[in-house]
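Peer 1: For reference, the sequence and a predicted model appear below.
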Amino acid sequence: MEAAVDVIGIGGAGGFIASSLYKGGLPPRVITRGAALKQLRETGLTILTENRRSIYAPINCVALDDVQQFAPLVVLTTKSYDVPALLDEMASRLTADTLLISVQNGFAAYDAICQAFGPERAAMGVLYIGARIVTPGVIDIKPGIAQLFLPSTHRGRLERLSEVLEQAGVEAPLVDDIERRMWMKQLFLVPFAIVNTEMRQPIGKVREDPAARQRWGAIAHEVATIAMACGISMPLDPAAESLAVAERFDPQADSSFARDVWAGRPHEAEALFAPLLQRAHQHGIFSPLLEETYHQYVK
């Protein structure tokens, strides 16, 4: 039986979404490679949560090169910097009505899908989850927030996906204001990524540090100013709203951006900060903290 949903990538986001779909009764096909693919085939997908181990097996999994045709819904969970090349590889094997769902941090992946295939083939997902790879195919998911907002503009295509995720305990509503939801995520994520990386401390320690909170709030204000210039309504107190989201996360959570920077791995600075600065420049908004951060991490 053909899968109704493909999940490409099995890192933190991919492991969370794939396991949630299994739990909700809509097993996806997982498309990955290397050690992760070997682990899925031999053992299954392992999810660690609060010292509990859940194994999802058998897993319908395959390498990208072996896919003859993609499912009607494809959830892209790879890093944003891999998305343009991935879309090129996928193009000849997509059907005319395949819907590509981006869940990456920031606007870059969604923008790339729109540029490659048009906005009618793209769905922006806004994902909140604390998760990380322990070893390939083994994902640690932090307790607490678990949300995936999806656009109501594709209701007919996404309603079942939303229902299945809700059955698995994920808050997954179809919303009319998906762009604002993404801006609200940036309001939290961008300060978190920057301050977490600089302090080398998890979010619980960041929340307790007055200087860190002040810097966090200043960055949140810059993000909100850009959003409002783009016609998006923002909270009256962006800093307070951003820090309120931080309170919902497990105190030991780190951002994926920070983990990549600390480990010397490729990171998503270009994808995370460049779309914000492009929008700022289009509207004549000066964002010194974001400019400084961009130039620090993008060589």
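Peer 2: Right, received. Where do you want to start?

Peer 1: Find the centremost residue of the protein, please.
Peer 2: residue 104 (3.2 Å; C-alpha atoms, centre = their mean).

Peer 1: for this structure, which spans come out with low pLDDT?
Peer 2: 1-2, 299 (pLDDT under 70).

Peer 1: ranges for the helices of it?
Peer 2: 12-24, 34-42, 83-90, 108-117, 155-167, 178-199, 203-208, 210-229, 238-246, 256-263, 269-282, 288-297 (DSSP state H).

Peer 1: Find the one among the ones you listed with the highest mean neighbour count.
Peer 2: Most buried of these, by mean neighbour count (mean count of other C-beta atoms under 10 Å): helix 12-24, with a mean of 25. The C-beta positions use only the backbone N, C-alpha and C, and glycine is treated the same way.

Peer 1: Just the buried residues of the longest strand along the chain, please?
Peer 2: Using DSSP state E, we find that the single longest strand of the chain is strand 138-151. Neighbour-count burial for strand 138-151 flags 138, 139, 140, 141, 142, 146, 147, 148, 149, 150, 151 (criterion: 16 or more other C-beta atoms under 10 Å).

Peer 1: Quick check: closest non-adjacent residue to the first one.
Peer 2: I take that to be residue 138. Nearest residue to residue 138, sequence neighbours excluded (C-beta to C-beta, 6 or more residues apart in numbering): residue 46, at 4.4 Å.

Peer 1: partners of the one you found in the sheet?
Peer 2: residue 55, residue 138 (DSSP bridges).

Peer 1: What is the neighbour count of it?
Peer 2: Residue 46 has 20 neighbouring residues, counting by other C-beta atoms under 10 Å.

Peer 1: my guess is it meets residue 140, correct?
Peer 2: No - applying C-beta atoms under 8 Å, one finds residue 46 not in contact with residue 140, separated by 9.6 Å.

Peer 1: residue contacts, the closest residue in space to residue 20 that isn't next to it in sequence?
Peer 2: Nearest non-adjacent residue to residue 20, counting by C-beta to C-beta, 6+ apart: residue 168, 4.2 Å away. By C-beta atoms under 8 Å, 6 or more residues apart in numbering, the contact list for residue 168 reads 20, 21, 23, 24.

Peer 1: redo that, cut-off 6 Å
Peer 2: 20, 23, 24 (C-beta atoms under 6 Å, 6 or more residues apart in numbering).

Peer 1: Name the surrounding residues that touch stretch 25-41.
Peer 2: Here stretch 25-41 makes contact (C-beta under 6 Å, 6+ apart) with 3, 5-8, 10, 18, 21, 59-64, 136-137, 164.

Peer 1: Now, those residues that are in strands?
Peer 2: 5, 6, 7, 8, 61, 62, 63.

Peer 1: Could you measure from the residue nearest to residue 20 over to residue 5?
Peer 2: Relative to residue 5, residue 168 is positioned 13 Å away (C-beta to C-beta, to the nearest Å).

Peer 1: repeat for residue 130
Peer 2: To residue 5, residue 130 is 23 Å away according to C-beta to C-beta.

Peer 1: ok so, going back, ok, of the contacts of residue 168, which one's closest to residue 194?
Peer 2: residue 20 (28.8 Å; C-beta to C-beta).

Peer 1: my guess is that closest one contacts residue 172, does it?
Peer 2: No - shown here, residue 20 and residue 172 do not form a contact pair, counting by C-beta atoms under 6 Å, at 8.5 Å.

Peer 1: and for the two, which residues touch both?
Peer 2: Contacts common to residue 20 and residue 172, judged by C-beta under 6 Å, 6+ apart, are residue 165.

Peer 1: before we move on, back to that, now restrict the ones in strands among the contacts of stretch 25-41 to buried residues only.
Peer 2: Buried by 16+ other C-beta under 10 Å: 5, 6, 7, 8, 61, 62, out of the ones in strands among the contacts of stretch 25-41.

Peer 1: Not counting its neighbours along the chain, what's nearest residue 180?
Peer 2: In space, and not counting its chain neighbours, residue 180 is closest to residue 232: 5.2 Å by C-beta to C-beta, 6+ apart.
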